[in-house]
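A.B. asks: Coordinates for the following, if possible.
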Amino acid sequence: MKAKIENGQLIKYPYTLSDLRRDNPNTMFPADFYDWDSFGCVDVVATEKPVADVVTESDPEFSNGEWRQTFTTRNYTAEEIANINMDKTNGIISERRRRLAAGFDYDFGDSRGTHIIGTYEKDMIGWDEVTKWAAAKLALGQTAATIDIMTETAPATVTPGEWYAIMDAASTFRQPIWAASFLLQMTLPDDYTNDQYWP
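C.D. replies: Below you'll find the model as predicted:
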């Protein structure tokens, strides 16, 4: 990075080729221009970026015959930490919702074959209706009753018992996702979307 220096004082940093062209409109500067010294520009020596919650680059400082990069640092305030944690929590909930909506494969074990069972939030509204139907039919002893459902694969006809089997498979798919999200909400890692945290 370049800095513009006049009479030993920092004028502008960083100082780019666009700045040089703007300050010298009657001079042509090629993209590979190198004679920066003639225009009062110096290289700023890069220094190691410190580790802190908030690191901001400051104006370079002159030391031991060279202009050196500097930084200011600070820790997060309590309010910032609370906001960051809230953002992570909301992000984890959104990631959980996305994974819950992915659906799962269910093998009927007969000519119906394997279907993809949809688990979007709109699907779950339909699930509630079918579950009430299945519960009523089982309570009435109508175990051979059937209802038509629509999977992500095709329409399918199911009995009350078959519907409860699908719900059991759904629980096997969904509950580990819920459990993983609860653990993540306790630990709040930065990379909460990483597959390593999820089933």
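
A.B. asks: can you give me the helices in this protein?
C.D. replies: Applying DSSP state H to the chain gives helices spanning 17-23, 78-100, 121-139, 160-187.

A.B. asks: To residue 152, which of those helices lies closest?
C.D. replies: Residue 152 lies closest, by C-beta to C-beta, to one member of the helices of the chain: helix 121-139, at 8.7 Å. No exception for glycine: its C-beta is placed from N, CA and C like everyone else's.

A.B. asks: Which other helices and strands does that closest one contact?
C.D. replies: strand 147-150, helix 160-187 (3 or more C-beta pairs under 8 Å, 6 or more residues apart in numbering; DSSP states H and E).

A.B. asks: closest to residue 37 out of these?
C.D. replies: helix 160-187 (53.0 Å).

A.B. asks: Tell me which of the helices of the chain sits most buried.
C.D. replies: Of all these, helix 160-187 carries the top mean neighbour count, a mean of 15, counting by mean count of other C-beta atoms under 10 Å.

A.B. asks: That one versus helix 78-100: what angle between them?
C.D. replies: Counting by axes from the mean of the first three to the mean of the last three C-alpha atoms, to 10 degrees, helix 160-187 lies at 160 degrees to helix 78-100.

A.B. asks: follow-up on the earlier one: just put the helices of the chain in JSON lines and tack on distance to residue 146.
C.D. replies: Converted to JSON lines, the helices of the chain look like this (distance: least, C-beta to C-beta, whole Å):
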{"stretch": "helix 17-23", "distance to residue 146": "73"}
{"stretch": "helix 78-100", "distance to residue 146": "28"}
{"stretch": "helix 121-139", "distance to residue 146": "9"}
{"stretch": "helix 160-187", "distance to residue 146": "9"}
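
A.B. asks: could I get those as a markdown table with distance to residue 33 and mean pLDDT?
C.D. replies: Shown next, in a markdown table, are the helices of the chain (distance: least, C-beta to C-beta, whole Å; pLDDT from 0 to 100):
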| stretch | distance to residue 33 | mean pLDDT |
| --- | --- | --- |
| helix 17-23 | 6 | 96 |
| helix 78-100 | 42 | 97 |
| helix 121-139 | 58 | 94 |
| helix 160-187 | 51 | 97 |
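
A.B. asks: wait, which of the ones you listed is closest to residue 68?
C.D. replies: Judged by C-beta to C-beta, the one of those that comes nearest to residue 68 is helix 17-23, at 20.3 Å.

A.B. asks: can you list contacts of the closest one?
C.D. replies: With contact meaning C-beta atoms under 8 Å, 6 or more residues apart in numbering, helix 17-23 is reached by 4, 12, 27, 29, 31, 33, 36, 39, 41.

A.B. asks: what's near enough to touch the last one?
C.D. replies: Spelled out, that is residue 41. 2, 3, 4, 5, 15, 20.

A.B. asks: Map the structural domains onto the sequence of this protein.
C.D. replies: 2-74, 78-197 (automatic domain parsing).
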